[in-house]
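Enquirer: Predicted structure and sequence below. I'll ask about it afterward.
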Amino acid sequence: MFDRSKVFVGITPTGWTNDDYPALGDDISFGQCVSEMALAGYEGCSVGHKFPRDPDVLMRELSQRGLRVSEPWSSTYFTVKNMRERTFESFHDSMAFIKRMGGTSVVVAELGHAVHQQPVPPIANKPLFNDDQWKALTEGLNALGRIAAENGMQLCYHHHMGTGVMFRPEVDRLMAETDPDVVHLLLDTGHLYWAGDDPLDMARAYASRIRHVHLKDIRRDVMLRCNETNRTFIESVIEGVFTVPGDGVIDFAPIFKVLADADYAGWLMVEAEQDAAKANPLDYARKARDYIRKTAGI
């Protein structure tokens, strides 16, 4: 289905440890995390807070396990005051790191006024940007996208629960108001499903702009219960709202077909933020890898 010379399967550390909520998986070491990624059959990973900061050390540790870095995360803050320059500085640092590590994509998300790290329900309290904030965001992303392109990189925007770009109409507006040549889309199946929209429909709509994919499944019963009881984002994660592909309600096979038909090139990243004390990371990593082999043929 996919061209194996252009499509790679990776996993994020969020099933083992979590950057936003360091207490989750606090007892799991970097060595255990990356060794189990390799044991489960992955080719790469994103970088977590327990990973070595020295690029040479990190590259050595990963290469010993047959892994490489798939992406860095770079938060943007274009919708808040006096953060434009710091956003650019952070982006340059992230881009330099991923270039040093041999990657080609920088994942970004606008975290201005975001609530997913706050003790509030994410849907009811998500930010709603006004026209001036949308203009600042889209112009800022276009500028970052051009910088990335000039450096042989690509910028991939991540829609996210609890942020100003969460619902499908907000993704549509961001896509319509940014330059398709330099601002690409990261499709996150779990975040979009939780936001009440259809990942397959969005894959069809933006197949030509999707350059990065987070494969996240949803336990629908947990999602509904957490929504009804006004759980926070982190409470929902701990209760198990997210899981790996093949363990929830999302049918990934047609999504893979849409991407393959569009000649998708890039990473397919398993990303299931879970409490490692409740969901054994290696078991779930293997479950996801087996499911991808069966449904995507890679």
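Expert: Good, I have the coordinates.

Enquirer: tell me which residues in stretch 181-201 are buried?
Expert: The neighbour-count check on stretch 181-201 (16 or more other C-beta atoms under 10 Å) flags 182-195, 197, 199-200 as buried. Placement of C-beta: from N, CA and C, glycine included.

Enquirer: Outside of stretch 23-35 itself, list whatever touches it.
Expert: Residues outside stretch 23-35 that contact it (C-beta atoms under 8 Å, 6 or more residues apart in numbering): 13, 16-18, 45, 48, 50-52, 61-62, 65, 67, 237-238, 275-277, 281.

Enquirer: hang on, the earlier thing: in helices only, show me the buried residues of stretch 181-201.
Expert: Among the buried residues of stretch 181-201, the ones falling in helices (DSSP state H) are T189, G190, H191, L192, Y193, W194, P199, L200.

Enquirer: just how off-centre is stretch 124-131 within its chain?
Expert: Relative to its chain's centre, stretch 124-131 lies at 21 Å (C-alpha atoms, centre = their mean, to the nearest Å).

Enquirer: residues of that stretch that come out buried?
Expert: Of the residues in stretch 124-131, K126, P127, F129 count as buried by neighbour count, 16+ other C-beta under 10 Å.

Enquirer: want to try JSON lines for those residues, with secondary structure and distance to N151 as columns?
Expert: Formatted as JSON lines, those follow (DSSP: H, G, I helix; E, B strand; the rest coil; distance: C-beta to C-beta, whole Å):
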{"residue": "K126", "secondary structure": "coil", "distance to N151": "32"}
{"residue": "P127", "secondary structure": "coil", "distance to N151": "30"}
{"residue": "F129", "secondary structure": "coil", "distance to N151": "28"}
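
Enquirer: List just the nearest of those residues to L268.
Expert: Minimum distance to L268 across the buried residues of stretch 124-131 is 27.0 Å, recorded for K126 (C-beta to C-beta).

Enquirer: partners of the nearest residue to E43 once chain neighbours are set aside in the sheet?
Expert: Nearest residue to E43, sequence neighbours excluded (C-beta to C-beta, 6 or more residues apart in numbering): F8, at 4.9 Å. Beta bridges link F8 to W267 when assigned by DSSP bridges.

Enquirer: what about F8, how many neighbours?
Expert: For F8, the count of nearby residues is 18 (other C-beta atoms under 10 Å).

Enquirer: ok, it touching C45?
Expert: No. The criterion here is C-beta atoms under 8 Å, and F8 misses it with C45 at 10.8 Å.

Enquirer: any shared contact partners between those two?
Expert: Common contacts of F8 and C45 (C-beta under 8 Å, 6+ apart): S70.

Enquirer: Please, where are all the strands along the stretch 151-298 of the chain?
Expert: Assigned by DSSP state E, counting those that start in this stretch, the strands in the stretch 151-298 of the chain fall at 154-158, 183-188, 210-215, 217-218, 242-243, 266-270.

Enquirer: other SSEs contacting the last one?
Expert: By that I understand strand 266-270. The contact analysis (3 or more C-beta pairs under 8 Å, 6 or more residues apart in numbering; DSSP states H and E) places strand 266-270 against strand 7-11, strand 210-215, helix 281-296.

Enquirer: With mean pLDDT and distance to G164 as new columns, can these be given to me in TSV?
Expert: Output for the helices and strands packed on strand 266-270, formatted as TSV (pLDDT from 0 to 100; distance: least, C-beta to C-beta, whole Å):
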stretch	mean pLDDT	distance to G164
strand 7-11	98	27
strand 210-215	98	19
helix 281-296	98	29
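
Enquirer: Dump the ones you listed into TSV; add distance to A253 as well.
Expert: Shown next, in TSV, are these (distance: least, C-beta to C-beta, whole Å):
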stretch	distance to A253
strand 7-11	15
strand 210-215	12
helix 281-296	5
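
Enquirer: and E170, which of the ones you listed is closest to it?
Expert: Nearest to E170, of all these, is strand 210-215, at 16.5 Å by C-beta to C-beta.

Enquirer: Show me what counts as buried in the closest one.
Expert: Result for strand 210-215 [16+ other C-beta under 10 Å]: buried residues I210, R211, H212, V213, H214, L215.
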